[in-house]
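> got a predicted model here, sequence first, then my questions.
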Amino acid sequence: MLVLVAPGQGAQTPGFLTPWLELPGAADRVAAWSDAIGLDLAHYGTQADADAIRDTAVAQPLLVAAGILSGAALGDIAPGAVAGHSVGEITAASFAGVLDDTAALALVRKRGLAMADAAAITETGMSALLGGDPEVSAAHLERLGLTAANVNGAGQIVAAGTLEQLAALNEDKPEGVRKVVPLKVAGAFHTHHMAPAVDALAKAAADLAPADPKVTYVSNKDGRTVATGAEVVERLVGQVANPVRWDLCMETFKELGATAIIEVCPGGTLVGLAKRALPGVTTLALKTPDDLDAARALITEHAQA
């Protein structure tokens, strides 16, 4: 059984969209999305530097556009399940047919702007903890006033909070943690710092007409599958201020009988976690169009009948 997953913020790198725009019709499709949301996706995906695409209001729609574009390049496929990490949940909602492409891009544009505004209130950030026991680390973070904003499985936790709190974490690491690595994000996402964005996103979501998922949709909130489009959207709204439980998503993949995972562009992070947490599951990351033939072969072997 194949699971199609979409990465979250921080996966972007300068120029990563360039080879994808060379696919037939891709440039026109991205241009139409850019016009619809008022953001030059092609420019940011091909010419902008790392600082420019670190901007939350840019990074989020850019990642969703890249995910949808690379997913479409796989052809007409029927994965057994879909999921996305953080903003990748909107990409997954598109894969599941809950939102059409334009609605997904419009929603993520508003999400990015709202989260950027919330992040501007207080200087905040996120850092990954390498090594250590997740339960021990989570308790340590709480003592420092930080939040375990991403519980990613395979022993990885991402801390989020103010820059002062993160600096304190660098000086006072949890037992067993080898290193604290700052992430390429511009705020403490999935924490109480994002509460103002929830209200803004709820207003934007009120105009949507979501369809029920056509394939199994696995939610970051608790790793559970979601059966209705209305609940998918409700969870997308609330999730911006609540921790990502990717560890529970991967547990659900295992329970569903996943045998293969493909991560859409810019792939790499989630298949890396899966390699450690889901031994025996075949993984593939779509980094460039050169990966498409191998992905299609994997789909043929593992897709639902």
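Arrived safely, thanks for sending.
> what about Gly10, distance to Val198?
21 Å (CB to CB, to the nearest Å). C-beta here means a position set from N, CA and C on the backbone, and glycine is covered the same way.
> out of those two, which sits in the busier spot?
Between Gly10 and Val198, Gly10 has the larger neighbour count (other CB atoms under 10 Å), namely 22 against 18.
> quick one: contacts for that one?
183-185, 269 (CB atoms under 8 Å, 6 or more residues apart in numbering).
> flag every buried residue along the longest helix anywhere in the chain.
For the chain, the longest helix by residue count, based on DSSP state H, is helix 101-121. Neighbour-count burial for helix 101-121 flags 101, 103-116, 118-119 (criterion: 16 or more other CB atoms under 10 Å).
> just stretch 6-16 next, same as before
Neighbour counts over stretch 6-16 (16+ other CB under 10 Å) mark 6-12, 14, 16 as buried.
> what's the answer for stretch 57-70, then?
57-70.
> which of those residues sits closest to Ala128?
Closest approach between the buried residues of stretch 57-70 and Ala128, by CB to CB: Ala59, at 16.8 Å.
> correct me if wrong: that closest one contacts Gln12.
Yes - the pair Ala59 / Gln12 is scored as a contact, 5.5 Å apart, by CB atoms under 8 Å.
> which neighbours do these two have in common?
Ile53.
> including distance to His140, pLDDT and secondary structure, could the buried residues of stretch 57-70 go into JSON lines?
Listed next are these as JSON lines, based on distance: CB to CB, whole Å; pLDDT from 0 to 100; DSSP: H, G, I helix; E, B strand; the rest coil:
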{"residue": "Ala57", "distance to His140": "32", "pLDDT": "95", "secondary structure": "helix"}
{"residue": "Val58", "distance to His140": "33", "pLDDT": "96", "secondary structure": "helix"}
{"residue": "Ala59", "distance to His140": "29", "pLDDT": "95", "secondary structure": "helix"}
{"residue": "Gln60", "distance to His140": "30", "pLDDT": "96", "secondary structure": "helix"}
{"residue": "Pro61", "distance to His140": "35", "pLDDT": "98", "secondary structure": "helix"}
{"residue": "Leu62", "distance to His140": "34", "pLDDT": "98", "secondary structure": "helix"}
{"residue": "Leu63", "distance to His140": "30", "pLDDT": "98", "secondary structure": "helix"}
{"residue": "Val64", "distance to His140": "33", "pLDDT": "98", "secondary structure": "helix"}
{"residue": "Ala65", "distance to His140": "37", "pLDDT": "98", "secondary structure": "helix"}
{"residue": "Ala66", "distance to His140": "35", "pLDDT": "98", "secondary structure": "helix"}
{"residue": "Gly67", "distance to His140": "34", "pLDDT": "98", "secondary structure": "helix"}
{"residue": "Ile68", "distance to His140": "38", "pLDDT": "98", "secondary structure": "helix"}
{"residue": "Leu69", "distance to His140": "40", "pLDDT": "98", "secondary structure": "helix"}
{"residue": "Ser70", "distance to His140": "38", "pLDDT": "98", "secondary structure": "helix"}
